[in-house]
Every structure is written in C-alpha cells, then in structure tokens.
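Student: just coords:
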C-alpha cells in the first residue's frame with residue numbers, strides 16, 4: 001500500500017495515520033508497513049509464474065526482525081553479506097539452504113559459520129574472485145564438508161546507476177571478471193571439496209529499465225553454457241537484484257518485469273530447466289517505509305531562492321543516502337499535503353557537524369511545520385544509521401493489519417554516553 005493521504009490530507013502508511021505516532025515513538029523514527037512488504041514479494045513471485053524459482057531478499061536493505069520474519073513466512077530466502085547478518089537469519093529460523101552469502105571479503109570465521117550451518121551448510125557461498133575458491137575449499141576440508149558455491153560473475157555491463165552503487169563494470173571490486181571465467185571454472189573442477197551449484201551476477205542498484213539487466217542475463221547464460229558443455233551440472237542461475245523504485249522521478253519497470261526478463265533469457269539460451277534465482281532488496285521495502293522527523297530549528301535568511309534553513313532531528317546519521325549518493329527523497333509536511341496554504345522553498349539539514357548533512361531544497365509550508373515525513377525510506381535507512389556525534393539511533397515502528405504491531409526504541413544519546421564513558 002505504501003504512503004498515501006486520506007481525503008482530509010492526513011499522511012498514511014499502510015492505511016495507518018502517521019501523525020499520532022509522534023506520541024508513541026521518539027523522533028526521528030522509521031515506520032514500516034509489513035503487509036505492503038509482503039504484497040511486493042508476492043507480486044515479484046507472480047512474475048515467475050509456475051516456473052521453478054527462489055527469491056533471496058538482500059537483507060542489507062533492511063534487517064529489522066519483524067520484517068525478515070514476515071518475508072520468511074512468505075517463503076523467501078535471504079542474501080547476506082556478513083557473519084552478523086547470517087547469524088541474524090539463522091536465529092530467525094531461515095533454513096540454511098535458503099541462505100546465500102555474497103561479498104568480497106569474507107573472513108575465515110564467516111566461511112566456517114556458513115559451511116557449518118545445518119547438515120550441509122548454507123545454500124551457496126558466492127565466490128567473488130578466483131582466489132576465494134581456494135580459501136573456501138581449505139575451510140571446507142578443515143570442517144570435513146563439501147562447500148556449495150556459486151560464482152558471482154562481473155559481466156562488464158553498465159547499469160546506469162550512481163558510481164557508488166554500480167557493480168557490473170570492469171573496474172568494480174565485485175564479481176569475477178568475465179575474462180577470468182574459464183580460470184574460475186577450472187579452479188572449481190579441480191577442487192573436490194567444492195560443488196558448483198550455480199552462477200550469479202549483479203550489475204548495480206536502482207535500475208529503472210530492464211535493458212542492462214537483460215544484457216547481463218544473456219552473458220550469465222553464456223557462462224552457464226560453457227560449464228554445461230564441459231559435462232558438469234548446474235542447479236540454478238542467479239540473476240541478482242537491483243530493481244529500482246520510484247523516488248519521485250518515475251520508474252518504468254516493476255520487479256515482476258525483471259523476473260520475466262530472466263526467464264526469457266533462460267528460454268532463449270535453451271536453459272529453461274534451470275532454477276531462476278533473484279536477490280531483491282530495495283524494491284521490496286523502500287516504498288513501504290517512511291521516516292518521521294521533527295523540525296527543531298528554523299534559520300531564516302535573505303536569499304532570492306530560499307526562505308532559509310529547516311534543521312531536523314534526522315540527519316545523515318539517520319538517513320545517509322542523500323549525503324552518500326546524492327539521493328533525493330520526497331519530503332513533505334507530516335500534517336498537511338503539498339499545495340495547501342502558503343509555501344516557501346526551504347533547505348533541509350540535520351544536526352550533524354558536517355556540511356554534507358543536507359537533504360536538499362523543498363517547498364514546504366511557511367510558517368514551517370512541526371514535523372516532516374520522508375517518503376520511500378524503507379531501504380538503506382536504519383541499516384546505514386550511525387551514532388556519529390552521539391545523536392543515538394532512530395526508533396522503528398512496525399505496522400501490520402492496519403495498526404501498530406510494535407515499537408522498537410533504539411539506542412539513545414544517554415545510553416551512548418554511558419557506554420562511551422566506560423574506562
């Protein structure tokens with residue numbers, strides 16, 4: 001359902017009014033519509049139809065326990081990138097075979113945790129370099145296990161994303177370069193403690209068109225043919241994630257469109273018998289989350305284009321995306337829809353002592369509102385939050401069935417001070 005406004009102009013998330021939550025959770029706080037997240041997962045699954053597939057939610061986007069549990073109950077697996085994320089998912093009851101582990105710098109301890117989970121280890125350790133395969137086999141031998149691996153390939157396809165989130169070009173740190181494919185396949189073939197379950201790729205994030213995704217899918221199918229032509233088997237091809245969402249500038253492709261594109265690539269390559277995997281993150285959670293923040297200070301100035309600054313209790317420590325990526329969210333007054341009453345252009349900034357702690361310029365009521373809502377903030381918000389400047393972490397509110405399911409109060413400034421004061 002996502003963000004909406006009722007006929008009276010009240011801001012809603014999942015049909016729940018947000019303004020009354022100011023009395024239930026300290027600001028800044030994130031709110032998530034769990035029903036909306038589950039609905040997005042179902043619509044993605046519908047894109048695969050009756051075909052054999054698995055969806056692995058990339059939990060780096062949002063690792064909140066209630067959200068993960070809801071996706072687990074929808075039948076999703078998870079894509080993790082650290083031992084901490086892996087421990088979280090095991091604790092929440094995800095089956096080891098429904099977990100894949102990506103990332104370029106897995107420690108030996110993390111490899112041991114993945115290989116030792118359940119009777120046969122996790123579903124797949126995604127190797128991101130030829131050299132990593134030797135380390136994985138060494139740890140598998142030490143544990144007396146066979147490691148289920150997949151090769152994450154870098155197809156040298158540009159996804160048109162911001163430089164910080166583009167992963168498929170030939171200078172990215174992620175993935176095995178396509179020119180090294182044969183060397184990687186040789187390495188797997190000669191190591192008996194490795195079992196290649198599949199091949200994977202991921203070319204970036206916030207893709208709003210399926211064209212680059214299709215090109216990467218075709219290269220992935222080409223790689224699969226090389227392995228199969230050598231007489232070996234494969235279980236799956238993992239086409240990655242990176243599906244874009246509409247932050248206000250439009251998004252022509254839905255997640256189900258990417259699912260259908262992956263199936264089309266499989267069929268054209270004659271590989272329709274293989275199971276299709278994907279790794280959505282942002283697309284499932286971003287539109288179903290909102291950040292609520294109070295205006296704590298107004299600073300007017302004489303300027304031809306803006307009325308001045310609005311300083312909020314949320315900043316780059318709460319939502320890093322604008323400072324890190326130059327991202328722009330839709331930001332509105334919590335209690336009034338845009339266009340009702342006098343407005344002015346305001347520059348929004350947080351309390352952090354950094355010049356980059358700014359959200360941009362927005363037209364908002366004048367006089368300024370008490371609180372603001374940052375839309376489409378369900379991804380890469382809390383998971384990237386920090387305790388910088390000792391401001392504490394944001395709280396989280398979980399909505400389900402049209403009501404508040406739970407409120408999680410995070411580490412506040414007083415607790416931070418107490419912890420840092422320990423000698």
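Tutor: Yes, it's here. As the structure is a computational prediction, the values presented were derived from the model and not from experiment. Numbers count the residues shown, from 1 in each chain.

Student: drop to CA atoms for contacts and neighbour counts, all remaining ones
Tutor: OK.

Student: next, the distance between the ends of stretch 184-202.
Tutor: Start-to-end span of stretch 184-202 (Cα to Cα, to the nearest Å) is 17 Å.

Student: how far does that stretch sit from its chain's centre?
Tutor: Relative to its chain's centre, stretch 184-202 lies at 26 Å (Cα atoms, centre = their mean, to the nearest Å).

Student: list the buried residues for that stretch?
Tutor: Buried positions in stretch 184-202, judged by neighbour count with 16 or more other Cα atoms under 10 Å: 184-185, 187-189, 193-202.

Student: any idea which of those residues is closest to residue 386?
Tutor: residue 202 (26.9 Å; Cα to Cα).

Student: excluding sequence neighbours, find me the nearest residue to the closest one.
Tutor: Nearest residue to residue 202, sequence neighbours excluded (Cα to Cα, 6 or more residues apart in numbering): residue 240, at 4.6 Å.

Student: can you list contacts of stretch 347-360?
Tutor: 306, 308-317, 322-323, 328, 361-362, 388-389 (Cα atoms under 8 Å, 6 or more residues apart in numbering).

Student: out of these, which are buried?
Tutor: Buried among the contacts of stretch 347-360 (16+ other Cα under 10 Å): 306, 308-317, 322-323, 328, 361-362.

Student: these in helices, which ones?
Tutor: Among those, the subset assigned to helices under DSSP state H consists of 322, 323.

Student: report the two of the buried ones among the contacts of stretch 347-360 separated the most.
Tutor: Top of the distance list for the buried ones among the contacts of stretch 347-360 (Cα to Cα): 306 and 317, 24.7 Å.

Student: doesn't residue 50 belong to a helix?
Tutor: No - if the criterion is DSSP: H, G, I helix; E, B strand; the rest coil, then residue 50 is coil and not within a helix.

Student: list phi and psi for it.
Tutor: With angles defined as degrees, to the nearest 10, residue 50 sits at phi -90, psi 0.

Student: next up, the contacts around it.
Tutor: No contacts exist for residue 50 under Cα under 8 Å, 6+ apart.

Student: again with the one 5 residues further on
Tutor: Contact partners of residue 55, counting by Cα under 8 Å, 6+ apart, are 45, 76, 77, 78, 277, 278, 279, 280.

Student: adding pLDDT, write those residues out as a markdown table.
Tutor: Converted to a markdown table, the contacts of residue 55 look like this (pLDDT from 0 to 100):
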| residue | pLDDT |
| --- | --- |
| 45 | 98 |
| 76 | 98 |
| 77 | 98 |
| 78 | 98 |
| 277 | 98 |
| 278 | 98 |
| 279 | 97 |
| 280 | 97 |
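
Student: so what's residue 345 bridging to?
Tutor: Taking DSSP bridges, one finds residue 363 as the beta-bridge partners of residue 345.

Student: burial count for it?
Tutor: By the criterion of other Cα atoms under 10 Å, residue 345 has 16 neighbours.

Student: run through the residues that contact it.
Tutor: Neighbours of residue 345 in contact, by Cα under 8 Å, 6+ apart: 305, 306, 307, 308, 361, 362, 363, 364.

Student: phi first, then psi, for the closest residue to the fourth one other than its chain neighbours.
Tutor: Nearest residue to residue 308, sequence neighbours excluded (Cα to Cα, 6+ apart): residue 300, at 4.2 Å. Dihedral angles phi and psi of residue 300 (degrees, to the nearest 10) take the values phi -80, psi 150.

Student: number of nearby residues for residue 300?
Tutor: 12.

Student: quick one: it and residue 344 touch, right?
Tutor: No - in this structure residue 300 lies outside contact range of residue 344 using Cα atoms under 8 Å: 11.2 Å.

Student: joint contacts of those two?
Tutor: With Cα under 8 Å, 6+ apart, residue 300 and residue 344 have common neighbours residue 307.

Student: with adjacent residues omitted, what lies nearest to the residue at the greatest distance from the centre of the chain?
Tutor: Ranked by distance from the centre of the chain (Cα atoms, centre = their mean), the top residue is residue 302, with 40.5 Å. In space, and not counting its chain neighbours, residue 302 is closest to residue 308: 7.6 Å by Cα to Cα, 6+ apart.

Student: got any ranges where this structure has weak pLDDT?
Tutor: Residue ranges of the chain with pLDDT under 70: 158-172.

Student: show me where the protein has helices.
Tutor: Counting by DSSP H, the helices of the chain are 34-48, 65-73, 83-91, 108-116, 130-143, 181-189, 211-229, 255-268, 282-285, 321-325, 413-420.

Student: can you lay out those as JSON lines showing distance to residue 9?
Tutor: Formatted as JSON lines, the helices of the chain follow (distance: least, Cα to Cα, whole Å):
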{"stretch": "helix 34-48", "distance to residue 9": "21"}
{"stretch": "helix 65-73", "distance to residue 9": "28"}
{"stretch": "helix 83-91", "distance to residue 9": "39"}
{"stretch": "helix 108-116", "distance to residue 9": "49"}
{"stretch": "helix 130-143", "distance to residue 9": "54"}
{"stretch": "helix 181-189", "distance to residue 9": "56"}
{"stretch": "helix 211-229", "distance to residue 9": "38"}
{"stretch": "helix 255-268", "distance to residue 9": "30"}
{"stretch": "helix 282-285", "distance to residue 9": "24"}
{"stretch": "helix 321-325", "distance to residue 9": "27"}
{"stretch": "helix 413-420", "distance to residue 9": "34"}
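
Student: good, we can wrap up now.
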